[in-house]
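Chemist: pasted the sequence and its predicted model underneath.
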Amino acid sequence: MRVLAINTSNAFGEIALKTEQEYKKIKIDNPYSENIMTALQNLLEDSNVSVVDIDAIGVVTGPGSFTGIRIGMATAKGILCGTLKKCVSINSFEILSYNIKDNNFIVLLDSGNDDCYYAIFKDKDIAEMGFEKVENIITFASKNNEKVYYSSLERDKFMEFDYLDEVKIDEKSLIELCYNKAQNNEFTSLEKLSPIYIKLSQAEIGLEKKINEGLSFREASFTDAEALSIIDEQCFSEGSERYSKKSFEGELKELSKHYIVALYNNLVIGYIGLQKLGDELNLLKIAVLPQYQKLGIGFKLMQLGFDYKTKSNLTTYFLEVKENNIKAIKLYQKFGFKTESKREKYYDDGETALVMVCR
């Protein structure tokens, strides 16, 4: 098997090639847009291999440099479209974690600003990704007795923090990861190959501003049932969490339940579902279409939920959330929700639910 790997997500751009007999790697000089094709050609010629001889192409999808990620992915996609080769997707956190023996840990990457990218690993798999101040991550890690690692290539960013552990990245990490995934048939379709940005790029910041200008909220009506079911189809896997149009029609008829929808230019793009139970308020569901996520819409829906609680003079706000849904749990914690109990095998897939309460 011959596997090619491309990484332009950081300042240490590289292209690597591995076959059954050999491994070769070449550095990509900046600017990547001008030098990546020359580097690729030089590597293939030096290895006496052509693009058509490659079995799979791996590419790092981020997080990292917005421009760098786009260049690497555009190059990989160009080759994939022209040759119909198989694709392997690698994220930047995987490269670092490949050099760590622990099962549960946190890894950090330089974001180019005061904060940093982080990934929380549970049983060697990524449970959560995000960006945060290093000091806040250290506080979280120390409370939970978690180790935190960073790459020796980014020593200048992290060396001042005594709590952190430095990891030396083996130069073969990228290609070994790609090669192993290819051998295990862990391929990604071209349609699903997408960048991991985590933070908003300047273009996305512009999009957020544009969307906010056209964003509005209102109480859901019976005619919104179909739009709500379409959101659920894109946000939830099949099971009790995904509601059909008929289910939403039933929900919207119940007097104890209250749904608020988010609209962008009159298109329903998100919602929050609430239910009065005596002097308590239950957060039933909250969802935003994937293409409109990470733009603060879910946060605003949560705020409207609290506004409804206040107007209704309710004393307690509670919800159920999957125990492994760390991203959602962190959002709820920001609003003051605390875990009070668990419900074993609460969901159709056997997952445990945390009962979180805000008083």
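Modeler: Arrived safely, thanks for sending.
Chemist: point out the other helices and strands that the helix or strand harbouring I231 packs with.
Modeler: According to DSSP states H and E, I231 maps onto helix 225-235. Counting contacts by 3 or more C-beta pairs under 8 Å, 6 or more residues apart in numbering; DSSP states H and E, helix 225-235 packs against helix 245-253, strand 257-264, strand 267-277, strand 280-288. Every residue, glycine included, has its C-beta placed from N, CA and C.
Chemist: tell me which residues touch E251, please.
Modeler: Each residue near E251 by C-beta atoms under 8 Å, 6 or more residues apart in numbering is listed here: 243, 257, 259, 273, 284.
Chemist: do a quick rundown of the helices in the stretch 101-250 of the chain.
Modeler: Counting by DSSP state H, counting those that start in this stretch, the stretch 101-250 of the chain has helices at residues 134-143, 155-158, 173-183, 202-213, 225-235, 245-253.
Chemist: show me the contact partners of the shortest one.
Modeler: Spelled out, it's helix 155-158. Identification of contacts with helix 155-158 by C-beta under 8 Å, 6+ apart yields 108, 110, 116, 134, 150, 164, 166.
Chemist: closest to K27 among the residues you listed?
Modeler: Using C-beta to C-beta, D110 comes nearest to K27 of the contacts of helix 155-158, at 18.6 Å.
Chemist: please report how far the residue nearest to T316 when sequence neighbours are not counted lies from Y150.
Modeler: Among residues not flanking T316 along the chain, E280 sits closest, at 4.4 Å (C-beta to C-beta, 6 or more residues apart in numbering). According to C-beta to C-beta, to the nearest Å, E280 stands 44 Å off from Y150.
Chemist: please apply the same query to F158.
Modeler: If you go by C-beta to C-beta, the gap between F158 and Y150 works out to 4 Å.
Chemist: try G270
Modeler: If you measure G270 against Y150 using C-beta to C-beta, the figure is 35 Å.
Chemist: OK, contacts around S47?
Modeler: Listed by C-beta under 8 Å, 6+ apart, the contact set of S47 reads 17, 19, 22, 24.
Chemist: quickly find the element holding V59.
Modeler: Element membership of V59, judged by DSSP H and E, is strand 56-60.
Chemist: also N42?
Modeler: helix 32-47.
Chemist: point out where the chain drops to low pLDDT.
Modeler: 199-211, 240 (pLDDT under 70).
Chemist: most remote residue from it's center?
Modeler: Relative to the centre of the chain, the most outlying C-alpha is that of N48, 38.1 Å out, by C-alpha atoms, centre = their mean.
Chemist: and the gap between that residue and L17?
Modeler: From N48 across to L17, the span is 11 Å (C-beta to C-beta).
Chemist: one step back: pull the most distant pair out of the contacts of E251.
Modeler: The span of these, defined through C-beta to C-beta, is set by Y243 and K257 at 12.0 Å.
Chemist: returning to what we had before: got a ChimeraX select line for the buried ones in the contacts of S47?
Modeler: A single ChimeraX command selects the buried members of the contacts of S47 (16 or more other C-beta atoms under 10 Å):
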select :17,19
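Chemist: just curious, which of the contacts of S47 is nearest to I297?
Modeler: Nearest to I297, judged by C-beta to C-beta, of the contacts of S47 is L17 at 43.2 Å.
Chemist: would you mind giving the domain segments of the chain?
Modeler: Domains of the chain are assigned by automatic domain parsing as 3-91+171-192, 100-167, 205-314.
Chemist: got those as JSON lines, with distance to I198 columns?
Modeler: Shown next, in JSON lines, are the domains of the chain (distance: least, C-beta to C-beta, whole Å):
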{"stretch": "domain 3-91+171-192", "distance to I198": "5"}
{"stretch": "domain 100-167", "distance to I198": "5"}
{"stretch": "domain 205-314", "distance to I198": "8"}
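Chemist: what helix or strand does N99 sit in?
Modeler: N99 belongs to no helix or strand, assigned by DSSP H and E.
Chemist: and for it, the neighbour number?
Modeler: By other C-beta atoms under 10 Å, 15 other residues sit near N99.
Chemist: wait, it touches E171, no?
Modeler: No: applying C-beta atoms under 8 Å, one finds N99 not in contact with E171, separated by 10.7 Å.
Chemist: tell me the contacts of the residue nearest in space to the middle of the chain?
Modeler: The centroid of the chain falls nearest to M129 when counting by C-alpha atoms, centre = their mean (5.7 Å). Each residue near M129 by C-beta under 8 Å, 6+ apart is listed here: 63, 93, 117-120, 196, 198.
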